[in-house]
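Visitor: I need the structure of the sequence given here:
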Amino acid sequence: MNNKKSQVTIFIILGIVILVVTLGIIYYSSSSKEKKIIDRTETINMIPSELQPLVNYMDTCVETVAKKGMFLLGSQGGLIYTTQGGNIQDYRDESLGTLYLEYPESDSRKVPYLIGKSGSSGSCISSLPRYPLEFNKYYPYGKRGNFSDEEYLSKIDYTQVENCFGRKTLSSLDSFLFSLKHYIESHVKTDCTFEAFKNFNVISSDATATIENTPSQTNIKVNYPLEITHVNTQARNKQEEFRAAIPLSLQSLREFTKTIIELDINDPKYNIRTETTDKAFNVFVLSDNYNHDDIIIISSDSFKLDGKKFEFVFARRNRPPALEYVYNTSFGEVELKEGDLVRFADVINQELAAVDPDEDEVKISVNVGKGTSKRELTEQTSYKITYSDAEECGFSECKISINITATDGEYTDYQTETYYEKFEIKDE
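Guide: As a prediction, the model looks like this:
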């Protein structure tokens, strides 16, 4: 009997122990959760309320500096000059029209040329009238021969011959980011000042910016250690990291810019105004801004500052038009005498054409004669062989030049007997 009582007592004690342990575990677990909640709340509310206005000010100021830096970078073709807090040496005023243009819509900022004239290298040549190809003077046809045969009228795909209609000078993405980084680091110190916060003591260190690009935005993190103390309450706080998210990707912007520039310098029929396919960007052209040179503006609706759209602006050098080779002529060597007429159909038996890589209007002219008697020949006019024509030739066999020109108002491509098939008329 005593043994049974002892066993019951032992079971009761074990039950009590198990119950106590279970309750202890439950209490400890509940206590830990409460402590974590308290810790998290303390973390969120670790900034004393009297310091919060200054912290909010810094968040806003850093974001504003980053946005202004992006706008400045865009308005100057990816550059921020040293006098603006960037890392690029300022252009001298005398370099206007050589290295940069002034963009009148943005406080006459200095906009670099990102599209220049083609160089004479590889398959390309920049000098007229051989422009644009060194190896083939019969642009845009593949070869010279009997042009009455269709095989000789096949046109080469000149978009496969790179840079014959211009030269690209677009900076790298790293260069964009480095200029923006310089600007942010210098302007956080100069723009985000604490004069308005009379009741605070702020000890600051140097600012360091880190920029990360995604396909849709540019993320900027600024490490700017601050030790903040409220003069009256002695409340203290340390802040180091400030962030800004800008709804425009510099990487996507540069890729779009690179694409349209390469199309513009490789395909003379590409129209930079109208043939853009990326709906995130719009392209505008200020034509003939300086000596026939243009300003190209890429804008984005997704990013605005003070109600103004973001713009990426650069200059485009005017480039010569290219006259298509004139192959179908029937006048040959015609026996003419003083008083005879030369008509347009006696000279040209094909449609004349030219391309201009800047979308400029091109005027094509046919000029007949030489010396004082040289004049333009059109489908509505004729050229009369004069006494002076015969006199200049000594009243013997005479060659009267016929030149075809294509001009955009600044540059003129031409076809003459010096380099190409002779156009001549005999007079006896």
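
Visitor: residues in contact with stretch 51-62?
Guide: Taking C-beta atoms under 8 Å, 6 or more residues apart in numbering as the criterion, the residues outside stretch 51-62 that touch it are 47, 184, 188, 191-192, 194, 196-197, 200, 202, 220, 222, 224, 226, 228, 230, 235, 237, 239, 242-244. Yep, even glycine has a C-beta here, placed from its N, CA and C like the rest.

Visitor: Out of those residues, which sit inside helices?
Guide: Taking DSSP state H as the definition of helices, the contacts of stretch 51-62 contribute 184, 188, 191.

Visitor: thinking again about what came up before, could you flag which of the contacts of stretch 51-62 are buried?
Guide: Neighbour-count burial (16 or more other C-beta atoms under 10 Å) applied to the contacts of stretch 51-62 gives 47, 184, 188, 192, 197, 200, 220, 222, 224, 226, 228, 230, 237, 239, 242, 244.

Visitor: Now do the contacts for the third one.
Guide: For residue 188, the residues meeting the contact criterion (C-beta under 8 Å, 6+ apart) are 61, 62, 65, 207, 209, 222, 224.

Visitor: next helix or strand past the strand or helix carrying the second one?
Guide: Assigned by DSSP states H and E, residue 62 belongs to helix 52-75. Moving toward the C-terminus from helix 52-75, the next helix or strand (DSSP H and E) is strand 100-103.

Visitor: how far is that next one from where the chain is centred?
Guide: On the basis of C-alpha atoms, centre = their mean, to the nearest Å, strand 100-103 sits 14 Å off its chain's mean C-alpha point.

Visitor: do the same with stretch 340-352
Guide: How far stretch 340-352 lies from its chain's middle: 45 Å, per C-alpha atoms, centre = their mean.

Visitor: And the pLDDT for the residue nearest to residue 356 when sequence neighbours are not counted?
Guide: In space, and not counting its chain neighbours, residue 356 is closest to residue 321: 4.1 Å by C-beta to C-beta, 6 or more residues apart in numbering. The pLDDT attached to residue 321 in the predicted structure is 94.

Visitor: go on, residue 91?
Guide: Here, the pLDDT recorded for residue 91 equals 94.

Visitor: same check, this time on the one 3 residues further on
Guide: Residue-level confidence at residue 94 comes out at 94, pLDDT.

Visitor: State the number of residues packed around residue 301.
Guide: Other residues near residue 301 number 12, with proximity taken as other C-beta atoms under 10 Å.

Visitor: Can you pull the phi/psi pair for it?
Guide: Here is the backbone geometry of residue 301 (degrees, to the nearest 10): phi -80, psi -10.

Visitor: Then residue 353?
Guide: Note on residue 353: backbone dihedrals following degrees, to the nearest 10 are phi -150, psi 150.

Visitor: For it, which residues are in contact?
Guide: Taking C-beta under 8 Å, 6+ apart as the contact definition, residue 353 lies against 323, 324, 364.

Visitor: and if you look at residue 292?
Guide: Listed by C-beta under 8 Å, 6+ apart, the contact set of residue 292 reads 318, 358, 360, 408, 409, 410.

Visitor: List only buried entries from the residues you listed.
Guide: For the contacts of residue 292, a burial check counting by 16+ other C-beta under 10 Å picks out 318, 358, 360, 408.

Visitor: how near is the first one to residue 128?
Guide: Between residue 318 and residue 128 the distance, using C-beta to C-beta, to the nearest Å, works out to 13 Å.

Visitor: same check, this time on residue 64
Guide: According to C-beta to C-beta, residue 64 and residue 128 sit 51 Å apart.

Visitor: got it, and residue 275?
Guide: Here the distance between residue 275 and residue 128 works out to 26 Å (C-beta to C-beta).

Visitor: These two: who's more crowded?
Guide: residue 128 (17 against 13).

Visitor: isn't that one right up against residue 411?
Guide: Yes - when contacts are counted by C-beta atoms under 8 Å, residue 128 is listed as touching residue 411 (6.9 Å).

Visitor: In this protein, where is pLDDT below threshold?
Guide: For the chain, the stretches flagged by pLDDT under 70 are 1-45, 135, 142-154, 156-161, 328-337, 369-373, 387-401, 416-428.

Visitor: Pull the distance from stretch 119-128 to the chain's centre.
Guide: The offset between the C-alpha centroid of stretch 119-128 and the centroid of the whole chain comes to 24 Å, using C-alpha atoms, centre = their mean.

Visitor: going forward, begin numbering at 7 instead of 1
Guide: All set: I'll call the first residue 7, so the last point we hit is now stretch 125-134.

Visitor: By neighbour count, which bits of that stretch are buried? Give me those.
Guide: 130, 131, 132, 134.

Visitor: which residues are contacting that stretch?
Guide: Residues from elsewhere that reach stretch 125-134, judged by C-beta under 8 Å, 6+ apart: 123-124, 137-141, 167-170, 173, 326, 417-420.

Visitor: before we move on, what SS does the residue nearest to the spatial centre of the chain have?
Guide: Closest residue to the average C-alpha location of the chain: residue 263 at 3.7 Å, with C-alpha atoms, centre = their mean. Using DSSP: H, G, I helix; E, B strand; the rest coil, the secondary structure recorded for residue 263 is helix.

Visitor: how close does it get to residue 320?
Guide: Applying C-beta to C-beta, the value for residue 263 to residue 320 is 8 Å.

Visitor: hey, what's in contact with both of these two?
Guide: Shared contacts of residue 263 and residue 320, defined by C-beta under 8 Å, 6+ apart, comprise residue 120.

Visitor: Outline the domain layout of the chain.
Guide: By the assignment in automatic domain parsing, the chain contains the domains 7-52, 54-123+172-325, 328-433.

Visitor: Which of those sits closest to residue 146?
Guide: When those are compared by C-beta to C-beta, domain 328-433 sits nearest residue 146, at 5.8 Å.

Visitor: neighbours of residue 284, just the number please.
Guide: Neighbourhood size, residue 284 [other C-beta under 10 Å]: 14.

Visitor: Once you drop chain neighbours, what's closest to it?
Guide: Setting aside the residues directly before and after it, residue 284 is nearest to residue 262 in space (C-beta to C-beta, 6+ apart), at 5.3 Å.
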